[in-house]
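1. what follows is a protein structure lacking sequence information:
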């Protein structure tokens, strides 16, 4: 964690890793046992991702109003929406083409929502104000 990034993004990254590992275990266990990916496990991830994005959005609003010095600028959300639409579109296309079953397409869509929170070599930090 560097001083210019603040604590919000690293804290969300830690939460995302915990969520990723927890859901990974739960989904793998149910898929192995029942050959199904349960909707309730997917919904836990969707709800957590929505909460994370609402926190980021609130920080952007507060930053735009001058209450925070470190926040994501508005173009970040356009990039995020583009990533989500392309990922979900690819998952739907693979499902419609009968390459993936519905559960795998839904799991891929969920992972594409969680992915921007995870630290990686591909950066979603293009809108970061320092």
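-> Thanks, I have it. Model, not experiment: these values are computed from the prediction.
2. in the chain, what spans have low per-residue confidence?
-> Applying pLDDT under 70 to the predicted model, the residue ranges of the chain that meet it are 1-6, 119-130.
3. how about the helices in it?
-> 8-34, 39-64, 75-96, 102-114 (DSSP state H).
4. hey, which of those is tucked in deepest?
-> Ranked by average neighbour count under the criterion mean count of other Cβ atoms under 10 Å, the helices of the chain are headed by helix 102-114 at a mean of 18. For every residue, glycine as well, the C-beta is placed using N, CA and C.
5. what's that one packed up against?
-> Helix 102-114 makes packing contacts with helix 8-34, helix 39-64, helix 75-96 when contacts are defined by 3 or more Cβ pairs under 8 Å, 6 or more residues apart in numbering; DSSP states H and E.
6. could you redo the last one with a cut-off of 6 Å?
-> Using 3 or more Cβ pairs under 6 Å, 6 or more residues apart in numbering; DSSP states H and E, the elements in contact with helix 102-114 are helix 39-64, helix 75-96.
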